[in-house]
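[1] Got a sequence here, can you build the structure:
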Amino acid sequence: MLAAASTTALLGAVRGNEVKYVGGTISGLPQGVEGELEASDQTLLSFRCKKGSFDIPYDTIRTIEYGQKSGRRLGVAILVNPVFLLSKKRKHFLTIGYKDTAGSQNGVVLELPKGMPKSMIMILEAKSGVRCEYESEEARKHVHG
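    Next comes the predicted model:
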């Protein structure tokens, strides 16, 4: 029963301003938790939820990818539960690759609500100096019209 509940939670699309941490290299933060993504700081992108948080300095971001699937080109070992890929609902995934203070490659996969990708990508590109890659032409059209 618990496995079914976990699968259902992973299949549901995020709503409103909530952002889901799908997975990545953040230790101690469980996959699938929803929280708030804050990009107003001039130096840090921040994710906060009841179960933990993380900050990514903009100047450490090396890759940004947006699409309907999670980070297929990111050269980071990101463990993501493949069950969520079976959903037929349109989802919006943002994958961010960055280097930590030790110089190690890290990454996060975030599921964004429908209205957030365009503004978040514009902010990340402006503050990090890194251009977003798009998984498909359809994904590019969703952001750029």
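[2] all helices for the chain, in order.
    Secondary structure of the chain by DSSP state H: the helices cover 2-11, 117-128, 137-144.
[3] any idea which of these scores lowest on pLDDT?
    Mean pLDDT is lowest for helix 2-11 out of the helices of the chain, coming in at a mean of 37.
[4] what sits against the spatially most central residue of the chain?
    Geometric centre of the chain, nearest residue: Leu110, 2.0 Å, by C-alpha atoms, centre = their mean. Contacts for Leu110 (C-beta atoms under 8 Å, 6 or more residues apart in numbering) come out as Val19, Lys20, Tyr21, Val22, Leu37, Phe47, Phe93, Leu94, Thr95, Ile96. Yep, even glycine has a C-beta here, placed from its N, CA and C like the rest.
[5] For those, pick the one with the most neighbours.
    Taking other C-beta atoms under 10 Å to define a neighbour, the member of the contacts of Leu110 with the most is Thr95, carrying 28 neighbours.
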